[in-house]
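[1] Generate coordinates for the sequence data below:
(chains A and B)
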Amino acid sequence: MTAMSPAPETIVPEPEEGQPKVRDLRSWLPTIRDTVVAILLALLVGAFLIAISDDDVIEALDNLFTYPGSFGVYAGDVLRYSAEAVLEAYAALVDGAVGSGSSLRRTLERSAPLICAGLGVTIAFRAGLFNIGATGQMLVGALAAGYVGFTYDLPPGVHLLAAIGAGLVASMLWGGIVGVLKAQTGAHEVITTIMLNQVARFTVLYFLAKESFQRPGSDNLLSPAVADNATYPSVFGLHIGIPLALLAAVGVWWLLERSRLGFEMRAVGANPDASRTAGMSIAKVYIATMTIAGLLSGLAITMTLLGLQQSVTDQVVGSVGFDAITVALLGRATPLGTVLAGLLFGALSAGGLGMQTSAGVPPELIQVVQALIVLFVAAPALIRGLGRIRRRQKTATEAKGATA
Amino acid sequence: MTDVLDTPTTAAPEPQVRDRADVRRQVKLVVVLALVLLAEVWFKLQIDDPTVYQLFKGARSKDNLPVEFDGTAVSWIAVALTAVALLLAVVNRYPRGWAGVLIAVVVGIGFYGAFLMWAYADPSGTFAPAMTNPIPGTIRIATALVFGALAGVLCERAGVVNIAIEGQFISGAFFGSVFSSFAFVSLGAIPVFWCPVFGLLGGILAGMGVAAMLAFFALRYHVDQVVVGVVLVAFGYGITSFLLGQIPDGREDQFNNPELLQAVDIPVLVDIPYLGTALFGQNLLVYLAYLSVPAVWFLLFQTRWGLRVRSVGEHPKAADTVGIAVNRTRWQAVLLGGLFAGLGGASFTLSTGAFDKEMTAGLGFISLAAVIMGRWHPVYAALAALMFGFLRNLKDQLSILDEKVPGDLLSALPYLATIIAVAGFVGRVRAPAADGQPYQKTD
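    The predicted structure follows:
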């Protein structure tokens, strides 16, 4: 399965260096348009799901089929109730995401791990690797950071650094295994990361059953929360993990665009054979990439553990590890894109909670919408087929085909 | 493990000049067998009181109580068998081909025996647990895995990577339950026995629906197949959980209380001691799984359609040149795979009960692992699925002995085995050449 690396035209943005600023922005327009259309389409499907699961709509539909004679009356009912249900749900979504100070805070808190883990997937994409392993990397990171966080009693600052360090190192090693296997044996990273995710889950379960990981007085597989000294300090009610996530994005941007290693990563991602011919060590790049990807995943889990003081369970990662992939795809494997996509998904996740509490729509709807967004984003041809803006686009793809 | 693909070299009985691959094979064998031997000796030495109890025949009842026996012999026989195999490997006389596989299986069974003797001896509590027959549980778990593995083999042989087996499972499980419940409650015309069969239809439709999405995005729009697969798993989890939450209170009977598949005894065969009930006293789905494996093998390797499928998976351009419609063939293979994956998904609900959120718990990924372990071959993949089912069942059986055997680490074994397999430590594992590559006709 050597050819499963993401198709370059869907991932890597248009070349942007050495061009005037205006054209630079214009080259992003199709990407932005495709993304917005994808989001709208996904929300449309979501609206359909909300509508058909609304009690009033179901009743009206029942009537519609029972009394086809009064089609006009009941069809109107169906439309009216659908519109009401959808509007109520999406209003709750927006309100839950950005409606108040506390919902905004929740959005940011949920975005931070998504951004970090998404960066881990992004950086792997650029080196031509598909890192599905964020979940596993985060789980072992949680185990290590949590253990240091709740077992030892260290002075403030030192304790935080020790916990972060432990988490990062564990995640780096877990990610690094994938790089080493890929470099030394050619084992495909998609398979090894999927498998290592499961191995990590059982490793966590194994340790959680141990005495030293048990929360005293609890029968569940649940660790104690980390000590206060090991948590991220808060500024304006937000823990400093959030600015840290943005710093990480800047770091990844610098690494990819300005450093030698980043150049090698992009080169290997574009064409491993040419890079080898040019004298680069593919093995080194694969190992370095996956190690850094692991590090970013580790940073992501510290947001949850040390930022929100959640305890270690096998569910601590939640869907973040998975959403990281979608965030990176939506962000077109660029650091800026990943940050924006992470914010969007954080907002959707926080808004989903609001939708559940005030409109009674299950939060799983958000999962469906997120999956659809990525599906539509990954198929730009589909979106263009739906839109009317085909002519200019066509010439662009023809030009690409001619050079390829 | 021996590499069955290496048979041509058996022609030379004693190679004069040994190539590096041959030496490497011997080293691997010696190391693995030595480790097995060490473990078996260690198991034996750990046992204080070799008395163990077994209940291999039937369920525990007043007339069928666990039988006590002495495990010493089992432990030593295992050690002896492994020692013989090790000796053969050391002098480089370990046979190749089927004889080698047979020896490996015998050593494996011996290891399993020695392990069980150690695990069940010296129980920590006052109550001594009895060993039970591993076959019923293995079959129960492996049914879904076999179907999933067949789905994976069909897709990947046609050059479409199918990460979405898990998504097909979860959708198949949900709609299997819904169709079966609905048939029972609302379609009075259907006899009770056929309600779960109607459920199977629901599972098939759901599995094929997800397969159609995979094919639509991967084949028509050339979206990266791994991306589609990953997204479809998330989509499957999301949509089934969402729909489950939408079933109104009090109407669970109508939508999520499936009528289960009845066990059907196959006459004569069911009376075989120890194996009969486990293998031939099962429900329709299990028999379908038995039949599907040779059927898929026949389809892939003995029919014209199978040749086409394999050719579009290996070299789509060449296939196109000789007039095979590449994408149409791929569509067919993916949809047929969806049928099998849907059946596998349906087995989660129609063999056990109501649908629950995320109830497939990553078994779809084990199916994927079985595809790789089975080297993209339907029969080997089914055997790998059977082995993973066995391991999972072993973990369930040993859960009462958690002090001695860390069940969670045992659960991780299939995944570790897969990593070892793709890393090339057990023979050559090669995917179809065009696996994952979209095909676009160029003028």
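
[2] and the residue in the stretch 101-250 of chain B positioned nearest to chain A, what does it touch?
    Nearest to chain A, among the residues of the stretch 101-250 of chain B, is B:Gly238, at 3.3 Å (Cβ to the nearest Cβ). Backbone N, C-alpha and C define where each C-beta goes, glycine included. Counting by Cβ atoms under 8 Å, 6 or more residues apart in numbering or on different chains, B:Gly238 touches A:Glu364, A:Leu365, A:Ile366, A:Gln367, A:Val368, A:Gln370, A:Ala371.

[3] ok, and it, which helix or strand is that part of?
    Element membership for B:Gly238, per DSSP states H and E: helix B:225-246.

[4] mean confidence for the next helix-or-strand element following that helix?
    The helix or strand immediately downstream of helix B:225-246 is helix B:252-255, counting by DSSP H and E. Mean pLDDT, helix B:252-255: 74.

[5] Please pull up the helix or strand immediately following helix B:252-255.
    helix B:276-280.

[6] I'd like the distance from whichever helix or strand comes after that next one to the chain centre, please.
    Later in the chain than helix B:276-280, the nearest helix or strand by DSSP H and E is helix B:284-302. Here helix B:284-302 is found 14 Å from its chain centre; the criterion is Cα atoms, centre = their mean, to the nearest Å.

[7] hmm, back to that, nearest spatial neighbour of the residue of the stretch 101-250 of chain B closest to chain A, skipping sequence neighbours?
    Nearest residue to B:Gly238, sequence neighbours excluded (Cβ to Cβ, 6 or more residues apart in numbering or on different chains): A:Gln367, at 3.3 Å.

[8] So what's the residue count around the one you found?
    Neighbourhood size, A:Gln367 [other Cβ atoms under 10 Å in any protein chain shown]: 25.

[9] Same question for the one 10 residues further on.
    A:Val377 sits with 28 neighbouring residues when counted by other Cβ under 10 Å.

[10] looking at it, it is touching A:Thr35, isn't it?
    Yes. Look at A:Val377 against A:Thr35 with Cβ atoms under 8 Å: they come within range, at 6.0 Å.

[11] Take the contacts of B:Gly238 and keep only those in helices.
    Members of the contacts of B:Gly238 lying in helices (criterion: DSSP state H): A:Glu364, A:Leu365, A:Ile366, A:Gln367, A:Val368, A:Gln370, A:Ala371.

[12] can you pull out the helices in the stretch 251-400 of chain A?
    Using DSSP state H, counting those that start in this stretch, the helices of the stretch 251-400 of chain A run over residues A:260-270, A:272-277, A:282-302, A:320-330, A:335-359, A:364-378, A:380-386, A:390-403.

[13] Point to the residue nearest the middle of chain B.
    B:Ala385 (1.5 Å; Cα atoms, centre = their mean).

[14] Kindly report the same for chain A.
    Compute the mean C-alpha point of chain A, and by Cα atoms, centre = their mean the closest residue is A:Ala324, 2.2 Å away.

[15] excluding its backbone neighbours, what's nearest that residue?
    A:Ala117 (3.5 Å).

[16] same thing with A:Leu261?
    Spatially, and ignoring its direct neighbours in sequence, A:Leu261 is nearest to A:Ala288 (6.1 Å; Cβ to Cβ, 6+ apart).

[17] Save the ones in helices among the contacts of B:Gly238 as CSV, and put in pLDDT too.
    Shown next, in CSV, are the ones in helices among the contacts of B:Gly238 (pLDDT from 0 to 100):
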residue, pLDDT
A:Glu364, 84
A:Leu365, 87
A:Ile366, 87
A:Gln367, 87
A:Val368, 89
A:Gln370, 88
A:Ala371, 88
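
[18] which ones are touching B:Val153?
    By Cβ under 8 Å, 6+ apart, B:Val153 lies in contact with B:Val296, B:Leu300, B:Gly337, B:Val371, B:Gly374, B:Trp376, B:His377, B:Pro378, B:Ala381.
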